[in-house]
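J.: Sequence first, then the predicted structure:
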Amino acid sequence: MRSGGHLIRSSAVTSSITDVLTHAVVVFSKNYLPIARVNVKRAIVLLIAGKAEPLDLTGGMAAATTGMPLSKIYEVRSPSTILQVPEHIRLTVSGTERMWKVPPVNRREVLRRDRHSCQYCGSTKHLTLDHVIPKSKGGAHSWDNVVAACSACNGRKGDRTPQQAGMPLTSKPKAPMHPAIAFAEEFWNDFQV
């Protein structure tokens, strides 16, 4: 595959096709926002159809100094062709993005946000919902006031605030982010490490 007129050399060649197909490729939007991970098979379809192009996040710097790019290239071989699939690709088409809105505050969505664990003790058993500021004290049924709590912690906290009960939250509750924004944040945090 060519990127910006330069042939990208393979830096990661895997022996088995099944090994290669298990790898993930990060897909960037046309505006360079990381939006998802796809498998190598899907990346091949996007590249061959002309809907995506290779993306080199090193800017050629690694290739200029060491002769090898930092981004991995996965080779997929057929009897007549060798395809090189980069670790990062960028969409060349801008599709109509689906509208996304913040989901309603309900048990399923709160448990998903809180990773199915009690926000007071970390337990994953007998989970209920708890209003951080109790409704009797004016607390709303909103994303920043509802958390997952095990039944033991919920009973122990009772009709008090976490400060009154001496039970600090492990994380501050907030509304879920747009999936693409959450993925982008996670990607850039991992990329910088």
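T.: Noted; the coordinates are in hand.
J.: make it CA atoms for all contacts and neighbour counts henceforth
T.: Will do.
J.: For the residue lying farthest from the centre of the chain, which non-adjacent residue is closest in space?
T.: If you look at how far each residue of the chain sits from its centre, by CA atoms, centre = their mean, the farthest one is Ser136, at 37.2 Å. Sequence neighbours aside, Asp159 is the residue nearest to Ser136 in space, at 7.6 Å (criterion: CA to CA, 6 or more residues apart in numbering).
J.: Regarding the residue farthest from the centre of the chain, what is its secondary structure?
T.: The three-state assignment at Ser136 reads helix, by DSSP: H, G, I helix; E, B strand; the rest coil.
J.: measure it to Ala175 for me?
T.: Taking CA to CA, to the nearest Å as the measure, Ser136 falls 22 Å from Ala175.
J.: cool, Trp188 as well?
T.: Remark: distance between Trp188 and Ala175 (CA to CA) = 21 Å.
J.: Gly139 contacts Val146, correct?
T.: No. Taking contact to mean CA atoms under 8 Å, the distance of 9.1 Å between Gly139 and Val146 leaves them out of contact.
J.: what about those two, which has more around it?
T.: When neighbours are counted by other CA atoms under 10 Å, Val146 comes out ahead of the other of Gly139 and Val146, with 23 against 15.
J.: what residues do Gly139 and Val146 have in common as contacts?
T.: Overlap between the contact sets of Gly139 and Val146, as judged by CA atoms under 8 Å, 6 or more residues apart in numbering, is given by His131, Val132.
J.: still on that earlier bit, before we move on, which element is the residue nearest to Ser136 in?
T.: Taking DSSP states H and E as the criterion, Asp159 maps to no regular element, lying outside all helices and strands.
J.: All set now, cheers.
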